[in-house]
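**Q** Below are the sequence and a predicted model; questions follow.
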Amino acid sequence: MAFKMLTNNVAHVQSDSGKPILHNTQSALDLISSAWYEGDVTRLVISKKDVCEDFFNPQTGIADDMLRRFCDYGFRIAIVGDFSTYANQKVLDFIRESNKGRVLRFADSFDTAIGLLSS
């Protein structure tokens with residue numbers, strides 16, 4: 001994975017292998033560790049394509065496990081992409097409720113994501 005600083009306290013993380021960065025709890029811990037030690041940042045922007053599709057399936061529990069880790073370590077994450085393709089009401093509720101909080105935000109652009117994480 002590669003980190004690119006977007007502002008003085010927000011970094012964009014992206015896969016350099018073409019595979020999703022976030023796919024299970026261990027991958028979230030790996031991301032936290034890398035961001036902290038390599039980039040000294042706790043606010044990350046990640047593209048939707050770098051998050052496994054199971055994250056958006058409430059039945060897997062993957063999102064809950066990952067979010068618990070991000071929260072435990074004081075990280076804030078914004079996922080950027082088109083979320084209009086989701087018809088599942090539970091997913092839409094998850095996105096809406098996440099956007100009311102501070103740990104995980106969903107945005108349609110990098111500029112919006114940076115603004116959400118910078119405030």
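**A** Happy to help now that I have it.

**Q** In space, what's closest to residue 42 - neighbours in sequence excluded?
**A** residue 75 (4.9 Å; CB to CB, 6 or more residues apart in numbering). In short, each C-beta sits where N, CA and C put it, glycine included.

**Q** my read: the one you found touches residue 103, true?
**A** Yes - counting by CB atoms under 8 Å, residue 75 touches residue 103, with 7.3 Å between them.

**Q** higher neighbour count, those two?
**A** Between residue 75 and residue 103, residue 75 has the larger neighbour count (other CB atoms under 10 Å), namely 20 against 13.

**Q** so what's that one up against?
**A** By CB atoms under 8 Å, 6 or more residues apart in numbering, residue 75 lies in contact with 32, 35, 42-44, 103.

**Q** hey, where'd the strands end up in the chain?
**A** 2-5, 11-14, 43-47, 76-80, 104-107 (DSSP state E).

**Q** would JSON lines of those with distance to residue 53 be doable?
**A** Shown next, in JSON lines, are the strands of the chain (distance: least, CB to CB, whole Å):
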{"stretch": "strand 2-5", "distance to residue 53": "22"}
{"stretch": "strand 11-14", "distance to residue 53": "17"}
{"stretch": "strand 43-47", "distance to residue 53": "13"}
{"stretch": "strand 76-80", "distance to residue 53": "12"}
{"stretch": "strand 104-107", "distance to residue 53": "15"}
